[in-house]
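Peer 1: Following is a predicted model, sequence given first.
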Amino acid sequence: EVQLVESGGGLVQAGGSLRLSCTASGFTSDDYAIGWFRQAPGKEREGVSCISVSDGTTYYADSVKGRFTISRDNAKNTVYLQMNSLKPEDTAVYYCAAAQGCTVYSGSYYYPFGHWGQGTQVTVSA
């Protein structure tokens, strides 16, 4: 059974940094991608970033480009989201999920995401 577990959220002041982790289990190969999403109260879920576990191809939403960095450690089955220069509008519950790839088509992910983690809260104070 595939399982994803997020960790690393917390409370930070604006301008600060946090690193989120998404640890995967149950995959039988590296032929998948991990995406990070976030959802703030009253807002739709937003795709933040994605990485192909097999070849490291990445994708970033415009709202986080230059501030967030996604990476992977295949030996630890873990994907990281390093978040720098955090802003109050980054406050949300962050989730990771798995898909066949990170392909974006017409502004949306082409492949459906599944095996959602339980989420981790990120709160950025002004």
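Peer 2: Here it is on my side, so go on.

Peer 1: Quick one: the strands in the protein, in order.
Peer 2: Secondary structure of the chain (DSSP state E): strands at 3-7, 10-13, 18-25, 33-39, 46-52, 58-60, 68-73, 78-83, 92-99, 104-105, 108-109, 120-125.

Peer 1: Can I get those in TSV including mean neighbour count?
Peer 2: Any C-beta I mention is one placed from the backbone N, CA and C, and that applies to glycine too. Shown next, in TSV, are the strands of the chain (neighbours: other CB atoms under 10 Å):
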stretch	mean neighbour count
strand 3-7	17
strand 10-13	13
strand 18-25	19
strand 33-39	23
strand 46-52	22
strand 58-60	17
strand 68-73	18
strand 78-83	21
strand 92-99	22
strand 104-105	11
strand 108-109	14
strand 120-125	17
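
Peer 1: now those in CSV, with mean pLDDT?
Peer 2: Output for the strands of the chain, formatted as CSV (pLDDT from 0 to 100):
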stretch, mean pLDDT
strand 3-7, 96
strand 10-13, 98
strand 18-25, 97
strand 33-39, 98
strand 46-52, 96
strand 58-60, 96
strand 68-73, 97
strand 78-83, 98
strand 92-99, 98
strand 104-105, 88
strand 108-109, 90
strand 120-125, 98
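
Peer 1: And for the most centrally placed residue in the chain, nearest residue in space, chain neighbours not counted?
Peer 2: Nearest to the mean C-alpha position of the chain, by CA atoms, centre = their mean, lies residue 36 at 1.9 Å. For residue 36, ignoring the flanking residues on the chain, the nearest one in space by CB to CB, 6 or more residues apart in numbering is residue 48 at 4.4 Å.

Peer 1: Distance of the one you found relative to residue 39?
Peer 2: Note on residue 48: its distance to residue 39, by CB to CB, to the nearest Å, is 10 Å.

Peer 1: what sits against the closest residue to residue 68 other than its chain neighbours?
Peer 2: Nearest residue to residue 68, sequence neighbours excluded (CB to CB, 6+ apart): residue 83, at 5.1 Å. Going by CB atoms under 8 Å, 6 or more residues apart in numbering, residue 83 touches 17, 18, 19, 20, 64, 67, 68, 90, 122.
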